[in-house]
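[1] all I have is the shape, not the residue letters:
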């Protein structure tokens, strides 16, 4: 059996071990680089968290803007209902026939298109926001679902249509406002 000489040129005794300094050096490099790798992973995670936070913030603002449009559509329709005096008329197809000039007819057609477009954007934007909502928002979501489940038939008249739309918009606004408040999205950076 060959035995290596120690640093002092002497043969080590049977009681001594011959540590390999190269192996220790490699272990030190592993120590250095493993720490760096974990720090890099942390930086990457922080980047992804910031990215997710910014996506959440964007979804919040998209929903908020759409709710502003939705509120305007509802309130504009409410002015026509009041102005033309058909709020208590039965909400069924053909129960109200308006005799309007060309300008007002075009305004109602525009409102009709805006209502459809806004409804689609509202569905998409609330769906996008929902991707980020945790359990802390469940009470607001449950309140919206409870209100919607209570609608088992069409409203009796046009005033009821406006009232139901206002209630739904208010509930959606409460949810979105709570998100903005809890997440501090409205605070200046």
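    Looks like it arrived, so ask away. Every value quoted in this text rests on a predicted model; they were computed, and no experiment measured them.
[2] which helix in the protein runs the most residues?
    Longest helix of the chain, by residue count under DSSP state H: helix 21-84.
[3] tell me which residues of the very next helix or strand once past that one come out buried.
    Counting by DSSP states H and E, the next helix or strand C-terminal to helix 21-84 is helix 102-130. Within helix 102-130, the residues scored as buried using 16 or more other CB atoms under 10 Å are 108, 111, 114, 115, 118, 121, 122, 125, 126, 128, 129. Placement of C-beta: from N, CA and C, glycine included.
[4] check contacts around the residue most central in space within the chain.
    Nearest to the mean C-alpha position of the chain, by CA atoms, centre = their mean, lies residue 129 at 2.3 Å. Taking CB atoms under 8 Å, 6 or more residues apart in numbering, we find residue 129 in contact with 59, 60, 62, 63, 176, 179.
[5] for residue 122, same thing?
    Counting by CB under 8 Å, 6+ apart, residue 122 has contacts 63, 66, 67, 70, 172.
[6] could I get the pLDDT score of it?
    pLDDT for residue 122: 97.
[7] ok, it to residue 82 distance?
    24 Å (CB to CB, to the nearest Å).
[8] before we move on, back to that, could you say what helices and strands the longest helix of the chain packs with?
    helix 102-130, helix 158-183 (3 or more CB pairs under 8 Å, 6 or more residues apart in numbering; DSSP states H and E).
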